[in-house]
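Colleague: Give me the fold of what follows.
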Amino acid sequence: MDNMIEVKGLKKSYGSTEVLNIEELSIPKGQSFGLVGNNGAGKTTFFRLILDLIRPSGGEVLSKGSTVMLSEHWKGYTGAFLDEGFLIDYLTPEEYFDFIAKLYGLEVSTLREKLAFFDQLFNGEILGKKKYIRDLSKGNQKKVGIVGALLGDPEILVLDEPFANLDPSTQYLLRDILKKLDAETEMTMLISSHDLIHVTEFCQRIVILDHGKAIKDIRTSAETLKELEQFFIREVKEGHENGTPTEVPDQVQGAND
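Modeller: Residues are numbered from 1 along each chain as shown. Below you'll find the model as predicted:
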C-alpha cells in the first residue's frame, strides 16, 4: 500500500524546549488515522508540520513522496481545518464556500450539490442567515471549516479536534459523515481528538502522543477503547503519585463519573 504521509526524524523545538520528536511514522493511502494525547502532547504541532505551517527543527514530512516544505503540489489534494485561523471570517459562509469552489474549479451546480449533502450538519444555522463567519458560534464556525476542507474531495484530510465545540447531536452526525467517507472513499484522514469514543469508532489506527513522542501505535479493534482508557487512567494515577495531576481526554473522565 502506498504511503500518503511519511515522517522521518521529525523534531520541533522552541529554544531549549523540545515539543515534538517522532523518529519514523508512515500513513498509507486510505487509512483513517487517529491521534490522541493530553493537552500539550504535540498533536497540533504535528499537524502544523504536516501542513508546512511551521518549519521543523530537524527531519522532514513527505506527502506522496515529496517533502512538503520544498513543494506546494500537495496543497492541491489536501484539505485541512485546524482552527478559526483557516477561515476568512469577514465573508459569509456562502461567500467562503464560493471562494473555495473557485479554487477547485467547481461549477455552481456542483457546489450546491456538495453543500446539500451537509444540510443536516448545518441544521439551518449556516446558510441563508446573512451572517459573517466571525459572527457565528464557535461550533458553527467549525462546521464551516470542516465542510470547506471537504469541498475539494481531498485525498488527504487533516482535522484537529473536529468534535470540540459541537453539541452531542452534531458530533454524532459528523462522526457518521467521517465513517461514511472512510468506508466509501480512499481518502486518508488524520484526526486528532480528545473524544476517545468517536475516534475509535471510525479510525483504523490510533497513535498516542505523549510529550511529543509517539509511544503507542494501535490497530483499532473491539478492545481499543478500553486500552486507551486504561492508558490515560494510569497516566492520571501516576501524575497524582508524582504530585503533577495530568489532564485526560473528555471521554476518559466520563468513564469514571
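Colleague: Look up the closest residue to Lys179, ignoring the ones flanking it.
Modeller: The shortest distance from Lys179 to any non-neighbouring residue, by C-beta to C-beta, 6 or more residues apart in numbering, is to Phe202 (4.2 Å). In this view, the C-beta of every residue, glycine as well, is placed from N, C-alpha and C.
Colleague: residues contacting the one you found?
Modeller: Taking C-beta atoms under 8 Å, 6 or more residues apart in numbering as the definition of contact, the neighbours of Phe202 are 32, 175, 178-179, 182.
Colleague: if I read this right, Ile54 contacts Thr45, doesn't it?
Modeller: Yes - with contact defined as C-beta atoms under 8 Å, Ile54 counts as touching Thr45 (7.3 Å).
Colleague: more neighbours, the two?
Modeller: The neighbour comparison of Ile54 against Thr45 (other C-beta atoms under 10 Å) goes to Thr45, with 20 against 15.
Colleague: Apart from its chain neighbours, what residue comes closest to that one?
Modeller: With C-beta to C-beta, 6+ apart as the criterion, Thr45 has its nearest non-adjacent residue at 5.0 Å, and that residue is Leu20.
Colleague: which helices and strands does the helix or strand harbouring the one you found pack with?
Modeller: If you go by DSSP states H and E, Leu20 is part of strand 17-28. Strand 17-28 is packed against strand 3-14, helix 43-50, strand 188-192, strand 213-219, with contacts defined by 3 or more C-beta pairs under 8 Å, 6 or more residues apart in numbering; DSSP states H and E.
Colleague: do you know which of the ones you listed lies nearest Phe118?
Modeller: Phe118 lies closest, by C-beta to C-beta, to one member of the helices and strands packed on strand 17-28: strand 188-192, at 16.5 Å.
Colleague: residue ranges for the strands of the stretch 101-250 of the chain, please.
Modeller: Listed in chain order, the strands found in the stretch 101-250 of the chain under DSSP state E, counting those that start in this stretch are 156-160, 188-192, 205-210, 213-219.
Colleague: Format the ones you listed as CSV; extra columns: distance to Asp167, mean pLDDT and mean neighbour count.
Modeller: Below are the strands of the stretch 101-250 of the chain laid out as CSV (distance: least, C-beta to C-beta, whole Å; pLDDT from 0 to 100; neighbours: other C-beta atoms under 10 Å):
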stretch, distance to Asp167, mean pLDDT, mean neighbour count
strand 156-160, 17, 98, 22
strand 188-192, 19, 97, 25
strand 205-210, 24, 95, 20
strand 213-219, 29, 94, 15
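Colleague: Pipe those strands into a markdown table and attach distance to Leu111 per row.
Modeller: Conversion of the strands of the stretch 101-250 of the chain to a markdown table gives the following (distance: least, C-beta to C-beta, whole Å):
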| stretch | distance to Leu111 |
| --- | --- |
| strand 156-160 | 18 |
| strand 188-192 | 22 |
| strand 205-210 | 33 |
| strand 213-219 | 37 |
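Colleague: Select, out of the ones you listed, the one closest to Gly40.
Modeller: Nearest to Gly40, of all the strands of the stretch 101-250 of the chain, is strand 205-210, at 9.7 Å by C-beta to C-beta.
Colleague: Partner strands of that closest one and their direction?
Modeller: Strand pairing for strand 205-210, determined by DSSP bridges: strand 32-36 (parallel), strand 213-219 (antiparallel).
Colleague: Pipe those strands into TSV and attach distance to Met189 per row.
Modeller: Shown next, in TSV, are the strands paired with strand 205-210 (distance: least, C-beta to C-beta, whole Å):
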stretch	distance to Met189
strand 32-36	4
strand 213-219	16
